[in-house]
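Participant: Here is my input; please provide its structure:
(2 chains)
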Number of protein chains: 2
Amino acid sequence: MKIQILATGITTEKYLQNGMEAYYKRLTPMLSINYEEIVTGRQSKKSNTALVKKQEAELQLKKVQSNDFLVLLDEKGKQMTSVQFSGYLQDHFNKTAHNLIFLMGGAYGFDESVYRRANQIISVSSMTFTHQMIRLLFMEQLYRAMTILKGLPYHHN
Amino acid sequence: MKIQILATGITTEKYLQNGMEAYYKRLTPMLSINYEEIVTGRQSKKSNTALVKKQEAELQLKKVQSNDFLVLLDEKGKQMTSVQFSGYLQDHFNKTAHNLIFLMGGAYGFDESVYRRANQIISVSSMTFTHQMIRLLFMEQLYRAMTILKGLPYHHN
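Facilitator: Numbers count the residues shown, from 1 in each chain, chains lettered A, B, ... in the order given. Model (predicted):
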């Protein structure tokens, strides 16, 4: 079973790249994991957001195989504590050998077709953060979940 | 009215410093704002967490005047969307001239005495993030709230 983190669009903020790299380095010895950024077209301020989401959806769904378990990170999703999220991962590890994909959307969120394909939607916060910042948050959260499962001293209750 | 952001302990992660600086620079022309990190003692892995929180509480509460409106950022707090948070700020701007302090705790959270002094508790997420990372998240969220109030093109609904 592999974990695939898919982000929509290139991370342009250097400080986020640095933070993500730090967590990704810690994650790779713990999990079979892969991080990929989906290269999308450049958007102007006048872009039609519905059309942007539709075009992004095509690129996103191309990356998803029929067997993959697709989890969207989206404000509309289910909220969990970090301990609950670690339990969620453990449960997935126990139950299935299918790859687990965590997909993060672009600046405008997901097209309806992506919601339809999703197996689950998880929300990191009721608040909105930039679609680039969510990548760092999620990497940290995945690392935190793994330290909880492995009993490493990182998470304080 | 001034907004004071108080963080407990020095930010050691360079990538977080860089991100926070970027948002702080954007915030300073919009608000009367001040960011301060409370220098705390170094903790060993064997530190008594209750004692650490108590010592931090003394330093934290020294920074708070009796008239200040003290908001804690804490997982136990009330969750809001970004739009709700901008409304919350606007409401505060309208109603009172008292300074607004947003206080972020150390690695183990807050001592009971700080909860007792608090006027409000706000939660950024049900998930736990590092106490350093929360600083970046909150700066972004404060900037997002200000762009919503000023009608600037940053937040997409």
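Participant: Double-check that residue A:54 belongs to a helix.
Facilitator: Yes. Assignment of residue A:54 by DSSP: H, G, I helix; E, B strand; the rest coil places it within a helix.
Participant: is it true that residue A:106 touches residue A:40?
Facilitator: Yes. Between residue A:106 and residue A:40 there is a contact under Cβ atoms under 8 Å: 6.3 Å. Any C-beta I mention is one placed from the backbone N, CA and C, and that applies to glycine too.
Participant: what about the two, which has more around it?
Facilitator: Using other Cβ atoms under 10 Å in any protein chain shown, the more surrounded residue of residue A:106 and residue A:40 is residue A:106, with 24 against 16.
Participant: Tell me who's in contact with that one.
Facilitator: Residue A:106 sits next to A:8-9, A:40, A:52-53, A:56, A:131 when contact means Cβ atoms under 8 Å, 6 or more residues apart in numbering or on different chains.
Participant: redo that, cut-off 10 Å
Facilitator: A:7-9, A:38, A:40, A:43, A:49, A:52-53, A:55-57, A:59-60, A:131-132, B:156 (Cβ atoms under 10 Å, 6 or more residues apart in numbering or on different chains).
Participant: And residue A:149, by the same measure?
Facilitator: A:30, A:86-87, A:89-90, A:93.
Participant: What of residue A:29?
Facilitator: Taking Cβ under 10 Å, 6+ apart as the test, what residue A:29 contacts is residue A:146.
Participant: I'd like the distance between it and residue B:58.
Facilitator: Distance, residue A:29 to residue B:58, using Cβ to Cβ, to the nearest Å: 40 Å.
Participant: before we move on, what about residue A:57?
Facilitator: Residue A:57 is 53 Å from residue B:58, by Cβ to Cβ.
Participant: What of residue A:14?
Facilitator: Relative to residue B:58, and taking Cβ to Cβ, residue A:14 is found at 38 Å.
Participant: residues in contact with the nearest residue to residue A:105 once chain neighbours are set aside?
Facilitator: The spatially closest residue to residue A:105, leaving aside those adjacent along the chain, is residue A:8, at 5.3 Å (Cβ to Cβ, 6 or more residues apart in numbering or on different chains). If a contact means Cβ under 10 Å, 6+ apart, then residue A:8 has A:37-40, A:53, A:56-57, A:59-60, A:103-110, A:114, A:131, A:135 as its contacts.
Participant: So which of those residues belong to helices?
Facilitator: Among the contacts of residue A:8, the members found in helices (DSSP state H) are A:53, A:56-57, A:59-60, A:114, A:135.
Participant: Strand partners (parallel or antiparallel) of the lengthiest strand in chain A?
Facilitator: Ranked by residue count under DSSP state E, the longest strand found in chain A is strand A:69-79. Strands that pair with strand A:69-79, judged by DSSP bridges, come out as strand A:100-104 (parallel), strand A:120-123 (parallel).
Participant: mean confidence score for it?
Facilitator: Here strand A:69-79 scores 95 as its mean pLDDT.
Participant: what's the spacing between that strand and its chain's center?
Facilitator: Taking Cα atoms, centre = their mean, to the nearest Å, one finds strand A:69-79 lying 9 Å from the centre of the chain it belongs to.
Participant: which other helices and strands contact the helix or strand just after it?
Facilitator: Next in sequence after strand A:69-79, counting helices and strands by DSSP states H and E, comes helix A:82-95. Other elements packing on helix A:82-95 under the criterion 3 or more Cβ pairs under 10 Å, 6 or more residues apart in numbering or on different chains; DSSP states H and E are strand A:3-8, strand A:69-79, strand A:100-104, strand A:120-123, helix A:133-150.
Participant: at 6 Å what do you get?
Facilitator: On a contact count with 3 or more Cβ pairs under 6 Å, 6 or more residues apart in numbering or on different chains; DSSP states H and E, helix A:82-95 meets helix A:133-150.
Participant: Could I get the buried residue list for the helix it packs on?
Facilitator: Buried residues in helix A:133-150, counted by 16 or more other Cβ atoms under 10 Å in any protein chain shown: A:133-148.
Participant: follow-up on the earlier one: make a PyMOL selection of the buried ones in the contacts of residue A:106.
Facilitator: A single PyMOL command selects the buried members of the contacts of residue A:106 (16+ other Cβ under 10 Å):
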select buried, chain A and resi 7+8+9+38+40+43+52+53+55+56+57+59+60+131+132
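Participant: And the pLDDT at residue A:48?
Facilitator: 89.
Participant: Against residue B:19, how distant is it?
Facilitator: From residue A:48 to residue B:19 the distance is 30 Å (Cβ to Cβ).
Participant: neighbours around residue A:36, how many?
Facilitator: Residue A:36: 11 neighbours (other Cβ under 10 Å).
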